[in-house]
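> Dropping the sequence and predicted coords here.
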Amino acid sequence: MPLAPSPSEVVSALLAPKGLRLQSVELLQSLWAGYGQICRITVIPDASPSSSASTSKTGSTSNSGLSTPQDSQTYILKLITPPLTKADDEGHTRKILSYQVEQYFYTHLAPQLPPSIPVAKYLASMNEAHPNGTVTTAMVLNDLKQDYPVAGEKRDVLNRTQVHAALDWLSGFHGFWWARIKELDRRSLVRPPLEEVTHDGEDARNKTVWLNGGYTYLATRRSEYANLTKDYDAEWNEPLTDWEADEFSISDLVAAVLSPKQTGWSPTQDYMTLIHGDVKSENFFTTKSGEEVVFYDFQYTGLGLGVCDLAKLFTCSVPLNMLVDKTPLPRELAMQDGEKKLLERYWTRLQKEAGKDYDWHIFVGHWESALVDWLRFQASWGFWGNTEWLEARVRSILKDEKWKDAVVGNAKMAGLWSEKKDEVDPMILLGGTYEDPDDLRRLGGPLNIMEANSQLRDL
Ligand SMILES: Nc1ncnc2c1ncn2[C@@H]1O[C@H](COP(=O)(O)OP(=O)(O)O)[C@@H](O)[C@H]1O
Ligand SMILES: [Mg+2]
């Protein structure tokens, strides 16, 4: 196969062994920076005498041996033919790795999902490494438009039915993987782009999904964050980047709590699941009634707390009137009824799907941390969506001293102060401050405190 094969060359190579022949190709869109394309392809059973379909006993050719237009079927081809990775180009490396992650998702993880959590099925896929170091990746997926004709992208906000359906899909997806996440080999997870590309000696083909799902987490947005720390006129400069505990900002602390770890203990490890990583209305279709959704675009799937997917959904795709009762919004806003109802719906279904318990207070602590982290990304990258709501919520969260204490305690337990290991006295760290049962619950419950204590003693 050439370095940059055309869609028809790829489809022909992939589908001929399945007894299918390409009839037409329609370009849907070019991928980021011209790295490839997404096409809708129409295929028909190949009825020529030499084809595998005409000789196969299970082939679906008609009795006459001739294919009719009714036999034709549409699929989606995602074809990626990127240039060579430059080791220090974070955006480029992130993109290249993301296509491998998506391919792993469709070929290994998606087939495990039950029909109640619909995703596209793959018909064929290829991953061909070239001598010059580039890789051609291709996936042929079933065409979701047939059963889910309504594109979420048509509106910047969804209606109530669609929001509920999207939430239900997410609680199903997160709950399903929450129950199974321990089966994923942590060594196979893809680290942040710049770490991954400079880390030699490991075979990229044995990689699975991102260690940290999504593409907005702090470890991968250091340069944008550095700009925010220097932007003294920005409202969020001080609250998000000033030192909060020793030399760490609230952004560092929150990131340490939310980040999945490859080795060692973390205060959120019991709640880790697989997240979609790019949850927005542009990445799902719905049925005509809006009662069922199907998500696609799994390039940023990886470990994370489910609430990180929700933070983006609530900010970017949920109508403001589903989150708050009245506008204009005050400068600081506690959780309103609408937001709470949506969270409760998700939280109830998540636990049911996973067969696990998630204490409401811990859940809310995680949710509020996810909102702060999401705001940190928007404040350093650019705002869009329900900006006013997000900012007002975070102003209120940052004033909550209990939440802050819990975050600092969790970040310490997560090892953020690792370079000061010798100075840490675990009994001081975990004693005194956390006598209030609410604090204990937010920190992860007594079991986690004990686990943390023993971990810290071993330092
Ligand atoms: N399985 C599918 N069925 C139908 N359309 C699809 C499918 N996968 C992707 N698409 C279409 O291709 C577009 C881009 O796909 P996506 O995976 O979101 O890539 P991108 O990274 O460019 O956002 C989608 O907006 C959608 O219209
Ligand atoms: Mg997309």
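Yep, that arrived. Ligands and ions are numbered 1, 2, ... in the order given.

> Nearest spatial neighbour of Thr315, chain-adjacent residues omitted?
Counting by CB to CB, 6 or more residues apart in numbering, Gly385 is the residue found nearest to Thr315 once chain neighbours are left out, at 4.3 Å. All C-beta spots, glycine's among them, are computed from the backbone N, C-alpha and C.

> burial count for that neighbour?
Under the neighbour criterion other CB atoms under 10 Å, Gly385 is assigned a count of 20.

> Quick check, it in contact with Pro319.
No - applying CB atoms under 8 Å as the test, Gly385 and Pro319 come out as separate, 10.7 Å apart.

> hey, where'd the strands end up in the chain?
20-30, 36-45, 73-80, 122-129, 135-142, 150-151, 243-245, 248-249, 273-275, 284-286, 293-295, 302-304 (DSSP state E).

> which residues are contacting the fifth one?
What that stands for is strand 135-142. Under the criterion CB atoms under 8 Å, 6 or more residues apart in numbering, residues 1, 3-5, 10-11, 14-15, 36, 41, 75-82, 96, 99-100, 102-103, 106, 120-130, 296 lie in contact with strand 135-142.

> need the contact list for the spatially most central residue of the chain.
Geometric centre of the chain, nearest residue: Gly277, 1.4 Å, by CA atoms, centre = their mean. Shown in contact with Gly277 (CB under 8 Å, 6+ apart): Trp210, Gly213, Gly214, Tyr215, Phe298, Gln299, Tyr300, Thr301, Gly302, Gly304, Asp309.

> Report the contact partners of the nearest residue to it once chain neighbours are set aside.
Closest residue in space to Gly277, ignoring its immediate chain neighbours: Tyr300 at 2.9 Å, by CB to CB, 6+ apart. By CB under 8 Å, 6+ apart, Tyr300 lies in contact with Ser98, Val101, Trp210, Gly213, Gly214, Tyr215, His276, Gly277, Asp278.

> hey, which helix or strand in the protein has the poorest pLDDT?
Here the helix or strand of the chain ranked lowest by mean pLDDT, DSSP states H and E is helix 426-430, holding a mean of 38.

> Would you reformat the strands of the chain as TSV and include distance to ligand 2 and mean pLDDT?
Formatted as TSV, the strands of the chain follow (distance: least, CB to the ion, whole Å; pLDDT from 0 to 100):
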stretch	distance to ligand 2	mean pLDDT
strand 20-30	9	94
strand 36-45	9	95
strand 73-80	10	96
strand 122-129	17	92
strand 135-142	13	94
strand 150-151	11	92
strand 243-245	35	91
strand 248-249	31	95
strand 273-275	15	98
strand 284-286	9	95
strand 293-295	10	97
strand 302-304	16	98
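
> how about these, which one is nearest Ser259?
Nearest of the strands of the chain to Ser259, taken as CB to CB: strand 302-304 at 8.7 Å.

> Output the residue of the stretch 251-400 of the chain whose distance to ligand 2 is smallest.
Asp297 (3.8 Å; CB to the ion).

> Domain map for the chain?
1-45+73-142, 151-414 (the TED database).

> So is the first one next to ligand 1?
Yes - using CB under 6 Å from any ligand atom as the criterion, contacts between domain 1-45+73-142 and ligand 1 involve Leu28, Gln29, Leu31, Ile38, Ile76, Ala120, Leu141.

> Just name the closest of those to Trp178, please.
The closest of the residues of domain 1-45+73-142 next to ligand 1 to Trp178 turns out to be Ala120 (CB to CB; 22.2 Å).

> correct me, but the closest one touches Pro111?
No - judged on CB under 8 Å, Ala120 makes no contact with Pro111 at a distance of 11.0 Å.
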